[in-house]
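Peer 1: structural data only, the sequence is not supplied:
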């Protein structure tokens, strides 16, 4: 299956590139490699490989720039692009997906897993020229799930892997709305609350490729509710005038006729405003196209948006002036905080890259050696296993430090919404299945199916996953882990209980401290970093919840999280603010 399939590896780190090339050749691939973006792009155009492994941080041109160039050329547009990088920040993943990457692998990675991903990509590239099995038909659209191909009116569509996955997802849900958050989670495996234009960009490209069937995909805006009290807004009175004049935020008010009624000095300090702006249309008085377009738009934008003007980053929020007509624009200068956040993000990303790269080489070469353990002396195998185990521990430590760094820099609380608790628990137990099987552990889950709590979905997943993993690691073999939740007064008590080694009450106050271990030797043997419970405590605090521990040596441990129950019947609160990409049956819209 892989013999003769070309794979291009573009990676500037010699050790990583040689490691990947060696393992792909052992798997039967024909491998081309390049140490920089220019060489990689030239090889791609000359050989048109069906699969490209592309590092994000290259010395001459960024991986996103190379990916964009691949997608813009007809000769390389259908290549399956796997981004390979030590930077695992969400914004880096989003940047790759937005320019057309199909997959994303974060260093340090498992060489075996990477080879399997490349094999899956190669199978797609070598799919037969005609449908090979049962197809799915939706009006003019026909999809072959086995061959990963699609046609419109018998003309094959040239889709990237992500575009195909998006089309298949929409077809499977024909006739109903697909929320942006759902698409981010299911198609891109990104957090559903992430603020990005990735979905919009790919839906637009998919529509263009659908051609005559473009109307099958509809974008539906959620109905906006009137602002409470908007009709009471007024600019009368000396106090109000003084507040407007002294406000550090820019203020601009238009009347029912669309002309400017008021501005303040702070606005003029942020954007160019003509001296006699009052009485003029915004187009004449404020030469900032994005702001003018928002002021003159038929409907108010939901929430706020960021406006870049020169070197400034401005957050704009528009409000209705109620029955008297007109609009109020509130503009806040976020340039300083944006620069600080950008510097912090760049520092964390660069440190992550520099630490992950050598760890990837160490773990990858150790894993490669262990593939041929039968040819090695037993004592050599033991030493290589020690190297591999400690490389994984370094990776876990880097990841935990980066999570804590991001949480420390996060202002305020995490956004919360109603979350169904049982799916979070099941997901955590599924992820811990191999560890539980190795110790012959059993689970007892006592969580009501309909129980919902107020929380952050990603944070809850991390919290539950950590507590479940700890319960397994610090339990005796053939033990029982109980996960339960129950209403208690104004709270939901979520508990993870084990019958393991337990913790002396003298240490209860310190178990959430960074790098604190009750038994350092046992913790290291179990693969712990000493940061897991610190992250759990930080996430719990950021959600406005609380956590406590009850335990005694030899009697097991109980970790309890106090959560707020979701309001009963508040189903709408779970919905994101916008519905996107509704696919109608046979080209018909889904209606209301």
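Peer 2: Structure's in. What do you need? Keep in mind that this is a model prediction, so the values were computed, not measured. Numbers count the residues shown, from 1 in each chain.
Peer 1: SS state for residue 171?
Peer 2: Following DSSP: H, G, I helix; E, B strand; the rest coil, we place residue 171 in the helix state.
Peer 1: where does the prediction get shaky in the stretch 251-400 of the chain?
Peer 2: Along the stretch 251-400 of the chain, segments meeting pLDDT under 70 span 301-303, 338, 341-342, 344-346, 348-353.
Peer 1: where along it do the helices fall?
Peer 2: Assigned by DSSP state H, counting those that start in this stretch, the stretch 251-400 of the chain shows helices spanning 265-270, 282-285, 289-296, 335-371, 378-409.
Peer 1: so which of those comes closest to residue 121?
Peer 2: Closest approach to residue 121 among these is made by helix 335-371 (19.1 Å; C-beta to C-beta). All C-beta atoms are positioned from the backbone trio N, CA, C, and that covers glycine.
Peer 1: make a markdown table from the helices of the stretch 251-400 of the chain and add distance to residue 147 and mean neighbour count to it.
Peer 2: Formatted as a markdown table, the helices of the stretch 251-400 of the chain follow (distance: least, C-beta to C-beta, whole Å; neighbours: other C-beta atoms under 10 Å):
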| stretch | distance to residue 147 | mean neighbour count |
| --- | --- | --- |
| helix 265-270 | 54 | 17 |
| helix 282-285 | 52 | 17 |
| helix 289-296 | 44 | 16 |
| helix 335-371 | 31 | 17 |
| helix 378-409 | 36 | 15 |
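Peer 1: among those helices, which is nearest residue 156?
Peer 2: Set against residue 156 and scored by C-beta to C-beta, the helices of the stretch 251-400 of the chain come closest in helix 335-371, at 37.8 Å.
Peer 1: next structured bit after whichever helix or strand residue 210 is part of?
Peer 2: Using DSSP states H and E, residue 210 sits within helix 198-210. Using DSSP H and E, the helix or strand that follows helix 198-210 in sequence is strand 217-218.
Peer 1: show me what that next one is packed up against.
Peer 2: Under the contact definition 3 or more C-beta pairs under 8 Å, 6 or more residues apart in numbering; DSSP states H and E, strand 217-218 sits against helix 198-210, strand 582-583.
Peer 1: same thing but 10 Å
Peer 2: If contacts are counted by 3 or more C-beta pairs under 10 Å, 6 or more residues apart in numbering; DSSP states H and E, strand 217-218 sits against helix 161-172, helix 198-210, strand 579-580, strand 582-583.
Peer 1: sec struct for residue 174, please.
Peer 2: coil.
Peer 1: what about it, neighbour count?
Peer 2: 19 (other C-beta atoms under 10 Å).
Peer 1: tell me which residue lies nearest the centroid of the protein.
Peer 2: When the chain is reduced to its mean C-alpha position, the closest residue under C-alpha atoms, centre = their mean turns out to be residue 190, at 3.1 Å.
Peer 1: one step back: comparing the helices and strands packed on strand 217-218, which gets the lowest mean pLDDT score?
Peer 2: Mean pLDDT values for these show the minimum at strand 579-580, a mean of 27.
Peer 1: ok so, going back, any chance of a markdown table for the helices of the stretch 251-400 of the chain, columns distance to residue 552?
Peer 2: Output for the helices of the stretch 251-400 of the chain, formatted as a markdown table (distance: least, C-beta to C-beta, whole Å):
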| stretch | distance to residue 552 |
| --- | --- |
| helix 265-270 | 60 |
| helix 282-285 | 69 |
| helix 289-296 | 61 |
| helix 335-371 | 38 |
| helix 378-409 | 27 |
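Peer 1: to residue 311, which of those helices lies closest?
Peer 2: Closest among the helices of the stretch 251-400 of the chain, using C-beta to C-beta: helix 335-371, at 6.9 Å.
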